[in-house]
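Undergrad: predicted model and sequence below, questions to follow.
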There are 2 protein chains.
Amino acid sequence: MRIGELSRRTGVPVPTIKYYVREGLLPAGQLTSPNQASYGETHEHRLRLIRALLDVGGLKVSAIAEVLAAVDDPGRSVHKILGVATDLLVARYPESGDGTSLAASRAQVSELIARRGWRVGEDCPAREALATALTALERVGHQEFAGVMDSYADAAEIAARADLGYVGGSAGVDAVVERAIVGTVLGDAMLDALRHLAQVSISAGMYEARRAATEGAASGPG
Amino acid sequence: MRIGELSRRTGVPVPTIKYYVREGLLPAGQLTSPNQASYGETHEHRLRLIRALLDVGGLKVSAIAEVLAAVDDPGRSVHKILGVATDLLVARYPESGDGTSLAASRAQVSELIARRGWRVGEDCPAREALATALTALERVGHQEFAGVMDSYADAAEIAARADLGYVGGSAGVDAVVERAIVGTVLGDAMLDALRHLAQVSISAGMYEARRAATEGAASGPG
């Protein structure tokens, strides 16, 4: 198909498609004449993937280029791709100075990993993402919130097992790699949204229980 | 303290502090002379909160202004603040066209909420955040990943119960409100990071099991 048709099908404007090609996110079309290129289903699929990572995953173009380079790397493994995806997670939450409390947070992360018996390398970027969040908690005086960590770790294991089940339930290497990315990036958005729905539901129950208790006590001193 | 001292304590540059005051994120200092203002611990605390929401929560300045306005609103309730925080979550993942599949995703979200027995209003913005993620999955041909949703919902309930336990375990209304924000925004970052750590650990286990199986079969036909 021509670039105009590719644009119509995906809803991505022609100049944007050309920009993705220039930035190396999308392979160039096959030249059918000196100034006309033809695009196939691979391009359409890749374009939809780029948009999902941009719009829902909130990744930057440069970060997407990095992930896609890992996808196109013949020496890739699912384990390695997960590492790249986690790097991007860290890139989303930049560190903000103050080495002392960050060191303490890193130690806290290591303790948690040991306590759970998780097998995670020393250089895994998700360690740093968690340490950064813990440091931010401490800086705003909410280090006590870190008490939810073991419950969160229980929740994280349940979600991660579902993720790996999806990633592993695929035949080809290409499919496995793409599933790992989609599951990692879009999975964050899904899990966050579900946690908020559950919070609203639990909070509604608590609020009504409190109101009922207040009304029941309405005959007491005002 | 003077603005220079406030800057030194928090690591936020003086021009940035002035910008936050102009944008209404930070209350102005108390004027001690026509061109000098004094700042207190309230300012320092608020400034740290702003930085945490910016750096770790990934929120924009305009979104933080909205959250803080809700915090300073005398008619607030924890339930309402959670709503505002969820609005911001949605703002982070902008919708990208295509009404038909979005309507189908919304129906899928409603079914899940009914299945879980969650009490969530029709206009809760987290519904839209989840529907947007599901639509993105479908667009990249990974609608099958939506099969993890019930496991994710289990995980989300565990995390949300821990969140509400933290929020509810506080005496003053001010503290409850701030805990709700911190728990919502920094909690996303923590839970995402923990899920990635769990993924890496489970994936390492699967990878080694596969390698062991391959090595065990090494005497077979090459």
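TA: Received it, and whenever you're ready, just let me know what you need. This is a predicted model, so every value here is computed, not measured.
Undergrad: mind listing residues that contact stretch A:141-154?
TA: A:108, A:112, A:115-116, A:134, A:137, B:45, B:48, B:155, B:158-159, B:161-163, B:165-166, B:178-179, B:182-183, B:186-187, B:190-191, B:194, B:198 (C-beta atoms under 8 Å, 6 or more residues apart in numbering or on different chains). To be clear about C-beta, it is placed using only N, CA and C from the backbone, and glycine gets the same treatment.
Undergrad: in that stretch, what's buried?
TA: Buried residues in stretch A:141-154, counted by 16 or more other C-beta atoms under 10 Å in any protein chain shown: A:142, A:143, A:145, A:146, A:148, A:149, A:151, A:152, A:153, A:154.
Undergrad: need the residues you listed in a markdown table (columns: pLDDT).
TA: Output for those, formatted as a markdown table (pLDDT from 0 to 100):
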| residue | pLDDT |
| --- | --- |
| A:142 | 83 |
| A:143 | 81 |
| A:145 | 85 |
| A:146 | 86 |
| A:148 | 90 |
| A:149 | 92 |
| A:151 | 94 |
| A:152 | 95 |
| A:153 | 96 |
| A:154 | 96 |
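Undergrad: do you know how far residue A:80 is from residue A:60?
TA: 21 Å (C-beta to C-beta, to the nearest Å).
Undergrad: in what helix or strand does the most centrally placed residue in chain A lie?
TA: Geometric centre of chain A, nearest residue: residue A:185, 3.1 Å, by C-alpha atoms, centre = their mean. Following DSSP states H and E, one finds residue A:185 within helix A:173-216.
Undergrad: ditto for residue A:32
TA: strand A:30-33.
Undergrad: check which helices and strands the helix or strand following that strand is in contact with.
TA: Next along the chain after strand A:30-33, taking DSSP H and E as the criterion, comes strand A:36-38. Packed against strand A:36-38 by the contact rule (3 or more C-beta pairs under 8 Å, 6 or more residues apart in numbering or on different chains; DSSP states H and E) you find strand A:30-33.
Undergrad: the strand it packs on pairs with which strands?
TA: As defined by DSSP bridges, the strand partners of strand A:30-33 come to strand A:36-38 (antiparallel).
Undergrad: got the contact list for the strand it pairs with?
TA: A:1, A:2, A:3, A:28, A:29, A:30, A:31, A:32.
Undergrad: residues contacting the closest residue to residue A:113 other than its chain neighbours?
TA: Nearest residue to residue A:113 in three dimensions, chain neighbours excluded: residue A:120, at 5.4 Å (C-beta to C-beta, 6 or more residues apart in numbering or on different chains). By C-beta under 8 Å, 6+ apart, the contact list for residue A:120 reads A:113, A:126, A:127, B:197, B:200, B:201, B:204.
Undergrad: ok, of those, which one's closest to residue A:212?
TA: Closest approach to residue A:212 among the contacts of residue A:120 (C-beta to C-beta): residue B:197, at 40.7 Å.
Undergrad: which secondary structure element contains the nearest residue to the closest one once chain neighbours are set aside?
TA: Of all residues not flanking residue B:197 in the chain, residue A:126 sits nearest, at 4.8 Å (C-beta to C-beta, 6+ apart). Residue A:126 belongs to helix A:125-139 when assigned by DSSP H and E.
Undergrad: pretty sure residue A:106 is touching residue A:131, no?
TA: Yes. Using C-beta atoms under 8 Å, residue A:106 makes contact with residue A:131 at a distance of 4.6 Å.
Undergrad: these two: which has the busier surroundings?
TA: Under the neighbour definition other C-beta atoms under 10 Å in any protein chain shown, residue A:106 and residue A:131 were set side by side, and residue A:131 has more, 23 against 17.
Undergrad: counting neighbours, what do you get for residue A:129?
TA: If you count neighbours by other C-beta under 10 Å, residue A:129 ends up with 27.
Undergrad: in contact with the nearest residue to it once chain neighbours are set aside, which residues are there?
TA: Nearest residue to residue A:129 in three dimensions, chain neighbours excluded: residue B:193, at 4.0 Å (C-beta to C-beta, 6+ apart). Residue B:193 makes contacts with A:89, A:126, A:129, A:130, A:133, as judged by C-beta under 8 Å, 6+ apart.
Undergrad: with that, I have no additional questions.
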